[in-house]
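**Q** Here is a sequence together with a model predicted from it:
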Amino acid sequence: MSDVYDLVVIGGGPAGYVAAIRAAQLGMKAAVVEGRGALGGTCLNVGCIPSKAMLQSSHHFEMADKEFSHHGIDVSGLKLNLKTMLARKDKVVESLTGGIEMLMKKNKVTYLKGWGKIEAVGKVSVKPLDGKGKPQVLETANILIATGSEVTPLPGVTIDEKQIVSSTGALSLPKVPKTMAVIGAGVIGLELGSVWRRLGAEVTVIEFLDMALPGMDGEVSKYAQRILTKQGLTFKMKTKVTGAKAGKGGVTLTMEPRDAKDSGGKAETLKVDVVLVAIGRRPFTEGLGLKEVGVEVGERGFIPVDADYQTNVEGIYAIGDVIGGAMLAHKAEDEGVVCAEIMAGQTGHIDYGAIPGIVYTHPEIASVGKTEEQLKEAGIAYNKGKFPFTANSRARCNDDTDGFVKILADATTDKVLGCHIVGPQAGDLIQEVVNVMEFEGSAEDIARICHGHPGLPESVKEAALGVAGRAIHI
Ligand code: FAD
Ligand code: NAD
């Protein structure tokens, strides 16, 4: 006999588990099928959470090493205990994934450990994790695919998670490598490259394009690269990695200038202890049975959906990394909520133009809405307000003054179109602008709101004042 549900979610990441909770809140009988043995998906297990735990620990280490003395705190005999640092990170992950399991119980969502496969419309089989026994068959009115993403491989560079690692291996290196090469100057490359540099590795970031963090506002990306270079990361831009050979003495990378044919640049090699491959992520749909059931898959493997997150097959929905767009946990979660509400007969939508993106380096880098490049390309006239953290009293108290806030507003209506921040707690500061953008507010709205003093958010207010050329403290 099979079990009957209103909704079966395949994948227990931020997209899937949130959708299941919301569906249960709306009275649906929901189940989540997860194959990794723990809920929380990439984000909680091998993504957002462990990386932020390591970023925080390594930041403390660097502060104690390089910054405390400026505050009159002398530390002698500073020593890294990597084992404890990694164990703390694992504990954070464990407590949070366990917390999600509690939430499932609280909301009466059935959690099934195993790999899900769509057998037909309204039918999902679950293969037990240990591979023993018959698959369990679930009957359901709706199926939601929330199977997320996996590391994009680089041809010629075989990941072994020891010497040549993906982000997953880079979150658990048993010792600090002396030298490390990071392929890709994207979010993972800069975050995890920073972690290991802070802990003592000599890190070279190799990027195919001529800018780090492609897609971010150009001024922000250039500034961030300059600061990270000052901190000790070495960037090798416009460079193509052509192969990697791992041996006893390390990994030998071969690379050549991206435009070798035009520039005549020569191929070269780089020998390092560890290589991190961080060139992006791709949708994960292996073993789901999509072809058999007729679910269309797009060119790069993402699943196309309509405005209600329904695939081309009625009753089968998809959300999160697997449908593309910003591959971010908060975007995935919001889709989980809205999709469940739509299934329950409600309406809902997400303003994809107001999803913040944050890079948790130090200083942090945060962005929402349009970049200057996008506005220029679209021919939209805009005013710009920019305020540096050097002129913010709290940043001065904190001795944390790198960076600036930039707000872009429509030249005619003053509506906020974008905000780009490099600076202390940029990821928290940007939220104020996200809220204003969701309410379709103007730069003047931000400028006229009282901001507590002395506070970093005052730089957001000053940047908003700057849009009309009337910042006070600069
Ligand atoms: P996932 O989290 O990938 O979850 C999908 C789940 O489905 C997985 O657990 C998988 O095991 C399971 N699954 C797949 N197929 C099946 C099947 N057939 N049966 C059963 N289960 C299945 N985003 C941020 O917003 N902020 C960050 O700071 C951040 N940091 C990151 C750091 C790293 C190192 C990485 C790799 C990613 C980071 N991300 C961050 C991105 C974030 O992790 C993803 O955007 C998010 O996890 C996507 O959620 P999802 O639910 O769509 O997919
Ligand atoms: P990414 O897309 O951010 O960056 C990949 C980088 O690799 C790009 O700069 C790209 O130009 C470069 N690249 C691609 N092919 C290359 C090649 N052959 N040689 C050299 N460089 C190459 O991808 P990522 O850093 O792997 O992160 C994956 C996803 O995870 C992202 O979509 C991101 O949104 C998410 N993530 C988010 C956070 C966060 O929100 N803080 C943190 C980590 C990861």
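**A** Done, it's in. Numbers count the residues shown, from 1 in each chain. Ligands and ions are numbered 1, 2, ... in the order given.
**Q** Do a quick rundown of the helices in the stretch 1-150 of the chain.
**A** Here the stretch 1-150 of the chain has its helices, by DSSP state H, counting those that start in this stretch, at 14-25, 41-46, 48-62, 82-106.
**Q** before we move on, what about the stretch 201-350 of the chain?
**A** With DSSP H, counting those that start in this stretch as the criterion, the stretch 201-350 of the chain has helices at 218-231, 260-263, 290-293, 329-343.
**Q** Kindly state which of these is positioned closest to Glu150.
**A** Proximity to Glu150 (CB to CB) singles out helix 329-343 among those, at 14.7 Å. Glycine gets a C-beta too; all of them are placed from N, C-alpha and C.
**Q** continuing past that closest one, what's the next helix or strand?
**A** Later in the chain than helix 329-343, the nearest helix or strand by DSSP states H and E is strand 357-359.
**Q** Do any residues in that following strand lie close to ligand 1?
**A** No - Strand 357-359 is not in contact with ligand 1 by CB under 6 Å from any ligand atom; minimum separation 6.7 Å.
**Q** burial of the residue lying closest to Asp308 once chain neighbours are set aside, as a residue count?
**A** The shortest distance from Asp308 to any non-neighbouring residue, by CB to CB, 6 or more residues apart in numbering, is to Ile342 (4.8 Å). Neighbour count of Ile342, defined by other CB atoms under 10 Å: 17.
**Q** Can you tell me which of the helices of the stretch 1-150 of the chain is nearest to Val203?
**A** With CB to CB as the measure, helix 48-62 is the member of these nearest Val203 (11.9 Å).
**Q** can you count the residues close to the residue of the chain found nearest ligand 2?
**A** Taking CB to the nearest ligand atom, ligand 2 has its nearest neighbour within the chain at Gly186, 1.7 Å off. Neighbour count of Gly186, defined by other CB under 10 Å: 22.
**Q** Show the backbone phi and psi for it.
**A** Per-residue torsions, Gly186: phi -90, psi -160 (degrees, to the nearest 10).
**Q** same question, Lys108
**A** Per-residue torsions, Lys108: phi 60, psi 40 (degrees, to the nearest 10).
**Q** so how far is ligand 1 from it?
**A** Taking CB to the nearest ligand atom, to the nearest Å as the criterion, Lys108 is separated from ligand 1 by 20 Å.
**Q** Can you tell me, leaving aside adjacent residues, what's nearest to that residue?
**A** Nearest residue to Lys108, sequence neighbours excluded (CB to CB, 6+ apart): Ala24, at 5.9 Å.
**Q** now do Pro424
**A** Asp400 (4.3 Å).
**Q** buried set for stretch 216-226?
**A** Under the neighbour-count criterion of 16 or more other CB atoms under 10 Å, stretch 216-226 has 216-217, 219-221, 223-225 buried.
**Q** For those, which two are the farthest from each other?
**A** Among these, Asp217 and Gln225 lie farthest apart (CB to CB), at 12.6 Å.
**Q** what residues does the stretch 201-350 of the chain put near ligand 1?
**A** So the stretch 201-350 of the chain meets ligand 1 at 284, 287-288, 320-321, 327-330, 332 (CB under 6 Å from any ligand atom).
**Q** Distance check, the residue nearest to the spatial centre of the chain against Val416.
**A** The structure's the chain has its C-alpha centroid closest to Leu328; by CA atoms, centre = their mean the separation is 4.8 Å. Note on Leu328: its distance to Val416, by CB to CB, to the nearest Å, is 20 Å.
**Q** same deal with Glu440?
**A** 8 Å.
**Q** higher neighbour count, those two?
**A** Comparing Glu440 with Val416 by other CB under 10 Å, the one with more neighbours is Val416, at 29 against 12.
**Q** isn't that one right next to Ala409, touching?
**A** Yes - counting by CB atoms under 8 Å, Val416 touches Ala409, with 5.3 Å between them.
**Q** For the two, list the residues in contact with both.
**A** Common contacts of Val416 and Ala409 (CB atoms under 8 Å, 6 or more residues apart in numbering): 442-443.
**Q** in the sheet, who's paired with His139?
**A** Check again: residue 139 is Glu, not His. Listed by DSSP bridges, the beta-bridge partners for Glu139 are Val4, Lys123.
**Q** hang on, it packs against Asp3?
**A** Yes - counting by CB under 8 Å, Glu139 touches Asp3, with 6.9 Å between them.
**Q** In the stretch 201-350 of the chain, which residue sits closest to ligand 1?
**A** Here the stretch 201-350 of the chain gets closest to ligand 1 at one residue, Gly320, 2.3 Å apart by CB to the nearest ligand atom.
**Q** tally of neighbours for that residue?
**A** For Gly320, using other CB under 10 Å, the count is 36.
**Q** List the residues that contact it.
**A** By CB under 8 Å, 6+ apart, the residues touching Gly320 are 11, 13-16, 146-148, 331-332, 335-336.
**Q** among the helices of the stretch 1-150 of the chain, which is the most enclosed?
**A** helix 14-25 (a mean of 27; mean count of other CB atoms under 10 Å).
**Q** Quick one: mean pLDDT over that one.
**A** The pLDDT scores in helix 14-25 average 98.
**Q** Repeat that for stretch 166-176.
**A** Computed over stretch 166-176, the mean pLDDT rounds to 98.
**Q** near ligand 1, anything from it?
**A** Yes - using CB under 6 Å from any ligand atom, stretch 166-176 reaches ligand 1 at Ser167.
**Q** Need the contact partners of that stretch.
**A** Identification of contacts with stretch 166-176 by CB under 8 Å, 6+ apart yields 46-47, 50-51, 54, 80, 82, 86, 89, 151, 159, 161-162, 165, 188, 192, 195-196, 199-201, 274, 276-278.
**Q** give me the subset of those touching ligand 2.
**A** When contact is defined as CB under 6 Å from any ligand atom, the contacts of stretch 166-176 meet ligand 2 at 188, 278.
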